[in-house]
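# with the sequence up front, the predicted model follows.
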Amino acid sequence: ATNRPHLGDASARAESPLGTSEVRELASAFNAMAVSLHRQTESRTREELDKQRLLKSLGERVKELTALYGTSHLLLQETQAEDALRSIVSLLPAAWQYPELAVARIRYGEAEYVTERFVSTPWCQSTCFTTKGGRNGSMEVCYLAERPPEDEGPFLAEERELLDSLTRIVVAFLQRKEAEANLRESEGRFRSAFENAPIGMALVAPDGRWIRANGSLSSILGYTEEELSGTTVLDLTHSEDVEESLRRQQRLVAGEVDAYQMEKRYRHKEGHYVWVMMTASLVRRPDDQPLYVIAQIENITHRKLSDERLHQTLGRLNTLVDISRTIRSTLDATSLLDGLLERLIENIQTADIGVVFLLDSETKTLIPAAASGYDRDALSQIRLKPGEGISGRAFRRAVPLISRNPEEALTSVDSLSPENKVLFSRARHGLEVQSNLSVPLRTPDQDVIGTITLATTHEAFTDDDLMLLEGVAGQAAVAIQNSRLFDETLAGRE
């Protein structure tokens, strides 16, 4: 038998293949390897945890982005505010960390939009807002059960940022809707005021085209809105008003004035002109470029006619006073009648020629006593019988007469004797009469002693002209009667 060496034996130690130092080195190596493996394991664990956290964080961000995108997409679809808020509130729970426990509510003014099971709990995250229109609101997300604490109670800091971002988006949408509603309301009020205004209203382009016109303006001008759209303001403006209209419009567009007002004339569809008072103001674009003119157009034709009648009445009164002075200034019949005709033709601007016929008591005919504009030699030969011509008819019937057109004037000529026709034509220098009027000279005793007759070769006399002549005729008859009495008195003294 072979004796095995004892481990404590020195010879045995000397014969061992591993020495103490090698064992130590080996133990150290194993120890280093174990530490390295532990570190690697820990690193891999951290990496796995980081990876899980990253995936979870990415998942949360995806939910947040989904909520943002969904909200933005909804609001871009031009939906009603109520429908949009109802849809948005349903998107909120899914964007939070614990969607199965999340509920949400949006308040806007008096309205409230909530998800199913909503109750307000101690674990809520919310924002409040006020729109530019003054309406208050809020957005809030609540958990139905307590969750581990995070950055803000059980909520992440990113969830706070998400809620704030969503609130800003929603507020911008609501303010746009409020502005649109205000604009619609404003447009509705303007449209109602525009269409139902008792005066004419129109929108006119800067170049003068009619854009819109209300019913009152169509009544004033006789054109439908469609017919007006094919014309311009200047197309219908009286030629005498065009220059002033252009000047005022240019000042308005240039910004020299904010508005202007002027009286002008527009051509009616039937061809006559109507007087209007137009007030114009300019609406500009945000870049200050002219957009359109708002024109308010009031029909003042009746007022202008009344003013004109008043002016004419005052003119007639002044004429009567002036002629009355002329009549009272002399007792000489010839001077009296010549001055009378001169003043009449001067004040009745339509008149071109005039003649005073007086009754000759012996021949019972009307003899020219004074004339203006006639050939006196030819006129002096005329002897009118009562009922002959317009002067003879006015004398016989003792009423004022007027012929308003050449046809009526010709009828008066046709009633003349052939001799008087020739004499009248020579006396008028061959001119064609367009209109004439004749008024009897009636004394206070109602005796008719003659007539005053005026004629025009260019336009018709009016009733106002006839009224003026009647007023003068009464004074003239009295003056002629006084002149005759004066002559008789002088003759008696001799």
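Yep, it's here.
# which helices and strands sit right next to the lengthiest strand in the chain?
Longest strand in the chain, counting residues (DSSP state E): strand 273-284. In this structure, strand 273-284 packs against helix 215-221, helix 239-253, strand 259-267, strand 290-299, helix 301-328, with contacts taken as 3 or more Cβ pairs under 8 Å, 6 or more residues apart in numbering; DSSP states H and E. In this view, the C-beta of every residue, glycine as well, is placed from N, C-alpha and C.
# contacting residues around the shortest one?
Applying Cβ atoms under 8 Å, 6 or more residues apart in numbering, the contact partners of helix 215-221 are 195, 197-202, 224-225, 228, 236, 266-269, 274, 276, 297, 299.
# angle of the longest strand of the chain against strand 290-299?
Using axes from the mean of the first three to the mean of the last three Cα atoms, to 10 degrees, the inter-axis angle of strand 273-284 relative to strand 290-299 is 150 degrees.
# for Val413, give its distance to Ser403.
10 Å (Cβ to Cβ, to the nearest Å).
# now Glu432: how far from Arg39?
With distances taken as Cβ to Cβ, Glu432 is found 131 Å from Arg39.
# same check on Val422?
146 Å.
# of the two, who's got more company?
Under the criterion of other Cβ atoms under 10 Å, the comparison of Val422 against Arg39 puts Val422 first, with 14 against 10.
# out of everything not next to it in sequence, what's closest to Gly387?
Arg396 (4.6 Å; Cβ to Cβ, 6 or more residues apart in numbering).
# apologies, that question was intended for Asn420.
Asn420 sits nearest to Ile382 (Cβ to Cβ, 6+ apart), 5.5 Å away.
# that neighbour against Ala371, yeah?
No - look at Ile382 against Ala371 with Cβ atoms under 8 Å: they stay out of range, at 10.0 Å.
# and the two? which has more neighbours close in?
Between Ile382 and Ala371, counting by other Cβ under 10 Å, Ile382 is the more crowded of the two (26 against 21).
# helix or strand for that one, which one?
Element membership for Ile382, per DSSP states H and E: none, as it lies in no helix or strand.
# Gln175 contacts Lys132, doesn't it?
Yes - the criterion here is Cβ under 8 Å, and Gln175 meets it with Lys132 at 5.2 Å.
# what's the distance between the spatially most central residue of the chain and Leu490?
Closest to where the C-alpha atoms of the chain average out (Cα atoms, centre = their mean) is Ile294, at 2.6 Å. Distance, Ile294 to Leu490, by Cβ to Cβ: 76 Å.
# what's downstream of the host helix or strand of Ile402, the next helix or strand?
Element membership for Ile402 (DSSP H and E) is strand 401-403. Next helix or strand after strand 401-403 toward the C-terminus (DSSP H and E): helix 406-414.
# about what we covered before: Val413 and Ser403: who's more crowded?
Set side by side, Val413 and Ser403 show more neighbours around Ser403, with 22 against 17, by other Cβ under 10 Å.
# show me what the more buried one bridges to in the sheet.
Asn436 (DSSP bridges).
# and the pLDDT at it?
With respect to pLDDT, Ser403 has a value of 91.
# and if you look at the one 4 residues further on?
Here, the pLDDT recorded for Glu407 equals 88.
# who's in contact with Tyr113?
Counted by Cβ under 8 Å, 6+ apart, Tyr113 has contacts 82, 85-86, 88-89, 105-107.
# out of those, which are buried?
Neighbour counting with 16 or more other Cβ atoms under 10 Å marks 85-86, 88-89, 105-107 as buried within the contacts of Tyr113.
# and the longest strand of the chain with helix 301-328, angle?
Going by the same axes, to 10 degrees, strand 273-284 makes 130 degrees with helix 301-328.
# how distant is strand 273-284 from the center of its chain?
9 Å (Cα atoms, centre = their mean, to the nearest Å).
# paired strands for it, with orientation please.
Partners of strand 273-284 in its sheet, by DSSP bridges: strand 259-267 (antiparallel), strand 290-299 (antiparallel).
# measure the residue nearest to Gly387 to Lys385 for me?
In terms of Cβ to Cβ, Arg396 sits 9 Å off from Lys385.
# Asp164 touches Thr127, doesn't it?
Yes - using Cβ under 8 Å, Asp164 makes contact with Thr127 at a distance of 6.0 Å.
# between these two, which has more neighbouring residues?
Between Asp164 and Thr127, counted using other Cβ under 10 Å, Thr127 has the larger neighbour count: 18 against 12.
# for the residue nearest to that one when sequence neighbours are not counted, give its distance to Thr130.
With sequence-adjacent residues excluded and distances taken as Cβ to Cβ, 6+ apart, Thr127 is closest to Thr167, at 4.4 Å. Per Cβ to Cβ, Thr167 is found 11 Å from Thr130.
# re earlier: tell me the two of the contacts of Tyr113 that are most distant?
Glu82 and Arg105 (14.7 Å; Cβ to Cβ).
# what does the pLDDT read for the residue nearest to Asp241 when sequence neighbours are not counted?
Distances taken as Cβ to Cβ, 6+ apart put Lys264 closest to Asp241, at 4.3 Å, once the chain neighbours are dropped. Note on Lys264: pLDDT of 96.
# roughly how far does Lys264 sit from Arg184?
35 Å.
# also His268?
When His268 is compared with Arg184 (using Cβ to Cβ), they lie 36 Å apart.
# next: Gly354.
Here the criterion is Cβ to Cβ. By it, Gly354 lies 69 Å from Arg184.
# more neighbours: the two, which one.
Gly354 (25 against 11).
# residues in contact with the nearest residue to Asp375 once chain neighbours are set aside?
In this structure, Asp375 finds its nearest non-sequential neighbour in Ala427, 4.8 Å apart by Cβ to Cβ, 6+ apart. The contact partners of Ala427, taken as Cβ under 8 Å, 6+ apart, are 371, 374-375, 378-379, 382.
# and of those residues, the nearest to Ala455?
The closest of the contacts of Ala427, once distances to Ala455 are taken by Cβ to Cβ, is Tyr374, at 9.2 Å.
# roughly how far apart are the spatially closest residue to the closest one that is not a sequence neighbour and Ser138?
Once flanking residues are discounted, Tyr374 sits nearest to Ala427: 4.5 Å by Cβ to Cβ, 6+ apart. Ala427 is 102 Å from Ser138, where distance means Cβ to Cβ.
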